[in-house]
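In: Here you go, sequence then predicted model.
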Amino acid sequence: MIPGLLVSAPASGTGKTTVMLGLLGALRDRGLKVQPFKNGPDYIDPAFHRAASGRESFNLDSWAMPGAMLDGMLAAAAGADLVLAEGSMGLFDGVALSGASGNGASADLAARMGWPVVLVIDASGQAQTAAAVALGLARFRPGVTVAGVILNRIASPRHEALVRKGMDEAGIMVLGVLPKRAAIAMPERHLGLVQAEEQPALQALIAEAAQLMRDGVDLDALIAAAATSATPTPAARITPPGQRIALARDAAFSFVYPHLLHGWRAAGAEVLPFSPLADQAPDPSADVCWLPGGYPELHAGALAAANRYRAGLRAFAETKPVHGECGGYMAMGAALIDKDGARHDMAGLLGLVTSYASRKMHLGYRMARLLHAIPGHATGAQLAGHEFHYSTILSQPDAPLAEVADATGAAVPETGSTRRQPGGGLSTGTYFHLIAGAE
């Protein structure tokens with residue numbers, strides 16, 4: 001069994017991602033093979049983990065993933081010396097109602113896998129009180145063990161001494177102390193962090209974060225604190241949408257969960273990437289075309305002008321299934337209106353018209369019961385996923401694809417849609433990103 005740690009915090013914005021990338025880089029430089037994971041449905045952090053660790057990072061989600069699937073995901077750590085998982089939001093933050101195996105909180109993973117927690121504490125604006133926060137987190141839930149804290153944004157030696165005094169009195173181990181270092185703050189965009197492939201100085205950023213960890217963190221103590229109680233199990237089988245899958249893959253279509261791609265390949269499917277932005281059409285020999293989410297709104301003009309891509313996609317869709325998620329769904333529609341109000345023609349496989357001219361955030365877990373089949377899942381299947389976008393539907397004339405509810409069970413109006421093409425091909429799309437089939 002491979003020992004692990006969960007990097008978490010009391011809240012978002014404490015520096016978890018910088019610490020995670022720095023630890024991955026520093027431990028890799030030591031010659032350790034570290035398997036990264038990410039709690040929750042985040043689309044972007046796993047790509048940064050991969051860049052820092054040299055290993056594919058996978059999402060673990062207790063709300064969306066059945067227990068057997070969660071346990072089977074640990075098979076990805078084969079050959080690693082250590083597991084390092086990055087939490088999301090605060091340690092105990094999740095949705096109100098539990099899903100497949102929990103409520104999505106990082107603490108669910110710590111308890112299930114037996115991973116001790118390394119808390120990243122933003123100590124700015126406080127001193128001994130930081131220890132009260134850490135102690136409260138350490139005692140809040142039985143089965144969750146806090147290995148120690150990394151104190152972030154320490155302003156001075158006096159500040160460090162005061163915070164350390166509080167931690168000593170609370171019996172909390174200080175694993176590291178990091179100064180304020182705005183230079184390595186991660187850039188942000190409207191859906192969170194900039195994608196890894198859009199960060200030209202990514203390796204320099206990782207190297208700087210790794211040096212920060214070497215200077216400020218007791219890496220030997222951190223490694224020694226790692227543990228697990230999880231028993232390795234076979235990876236759960238994920239049904240691919242086809243044997244040969246044409247997958248849109250570029251800056252406009254990049255949000256596809258790594259565990260799905262890994263599962264499709266493990267089941268024997270072949271993934272055939274193509275780039276709509278490079279005006280490439282899906283391989284006509286593929287059985288199915290899959291358009292992931294991403295940022296089509298930032299490339300709407302280029303997509304509208306990519307005539308070879310649009311004609312090739314329409315020809316493919318005449319006789320074969322095409323499925324889109326979020327940005328891919330919007331690209332399958334009739335038109336996309338950008339933030340400036342300009343209308344751009346999309347592929348026209350569906351009648352959907354979406355707009356960014358009036359932004360409204362749609363965020364949260366989704367549970368869907370399919371009213372019509374999609375590639376890989378039959379009519380009536382229950383699917384768990386996540387939705388995060390700012391677009392608004394102006395027109396959706398096609399048949400609804402699914403009955404969709406949020407994590408509270410409340411109905412969601414974004415039902416997805418489906419249309420049968422004249423040649424018999426089935427076009428389907430959803431606003432939510434598929435994570436797992438429900439038990």
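Out: Arrived safely. Residues are numbered from 1 along each chain as shown.
In: Stretch 125-135: which residues count as buried?
Out: Of the residues in stretch 125-135, 126-127, 130-131, 133-135 count as buried by neighbour count, 16 or more other C-beta atoms under 10 Å. Heads up, the C-betas are built off the backbone N, CA and C, glycines and all.
In: ditto for stretch 165-172
Out: Buried residues in stretch 165-172, defined by neighbour count with 16+ other C-beta under 10 Å: 166-167, 170, 172.
In: of those residues, closest to residue 58?
Out: residue 172 (29.9 Å; C-beta to C-beta).
In: List the contacts of that closest one.
Out: For residue 172, the contacting residues are 131, 134-135, 138, 146, 148-149, taking C-beta atoms under 8 Å, 6 or more residues apart in numbering as the criterion.
In: and residue 155, what is it in contact with?
Out: Taking C-beta under 8 Å, 6+ apart as the contact definition, residue 155 lies against 124, 179-180.
In: I misspoke; the intended subject was residue 128.
Out: For residue 128, the contact set (C-beta under 8 Å, 6+ apart) comprises 162-163, 165-166, 169.
In: Please repeat the previous calculation with a cut-off of 6 Å.
Out: The contact partners of residue 128, taken as C-beta atoms under 6 Å, 6 or more residues apart in numbering, are residue 166.
In: related to what we said a few turns ago, next, give me the two most distant ones among the buried residues of stretch 125-135.
Out: Every pair in the buried residues of stretch 125-135 was compared (C-beta to C-beta); the two farthest apart turn out to be 127 and 135, at 14.5 Å.
In: Which one of the contacts of residue 155 is nearest to residue 100?
Out: Of all these, residue 100 sits closest to residue 124, with 37.1 Å by C-beta to C-beta.
In: Grab the nearest non-local neighbour of the closest one.
Out: On the basis of C-beta to C-beta, 6 or more residues apart in numbering, the spatially nearest residue to residue 124 that is not a chain neighbour turns out to be residue 153, at 4.2 Å.
In: For the one you found, which three-state class applies?
Out: The three-state label for residue 153, taken from DSSP: H, G, I helix; E, B strand; the rest coil, comes out as strand.
In: Please tell me the pLDDT value assigned to it.
Out: Reported pLDDT at residue 153 in the predicted model: 96.
In: Give me the distance between the residue most central in space within the chain and residue 36.
Out: Among the residues of the chain, the one closest to the centroid is residue 42, at 2.3 Å (C-alpha atoms, centre = their mean). With the distance defined as C-beta to C-beta, to the nearest Å, residue 42 ends up 12 Å from residue 36.
In: Check which residues of stretch 251-266 are buried.
Out: Neighbour-count burial for stretch 251-266, with 16+ other C-beta under 10 Å as criterion, is recorded at 251-264.
In: hang on, the residue nearest to residue 124 packs against residue 178?
Out: No. If you go by C-beta atoms under 6 Å, residue 153 and residue 178 don't touch, sitting 7.1 Å apart.
In: More neighbours: which of those two?
Out: residue 178 (23 against 18; other C-beta atoms under 10 Å).
In: Next up, identify which helix or strand the more buried one is on.
Out: Element membership of residue 178 [criterion: DSSP states H and E] is strand 174-179.
In: before we move on, what about residue 429?
Out: Element membership of residue 429 [criterion: DSSP H and E] is strand 426-430.
In: Identify the residues contacting the helix or strand following that strand?
Out: Past strand 426-430, further along toward the C-terminus, the next helix or strand under DSSP H and E is strand 433-437. Contacts of strand 433-437 with the rest of the structure, by C-beta under 6 Å, 6+ apart, involve 61, 64-65, 69, 293, 325, 383-386.
In: Tell me which of the residues you listed fall in helices.
Out: In helices, judged by DSSP state H, the following of the contacts of strand 433-437 are found: residue 69.
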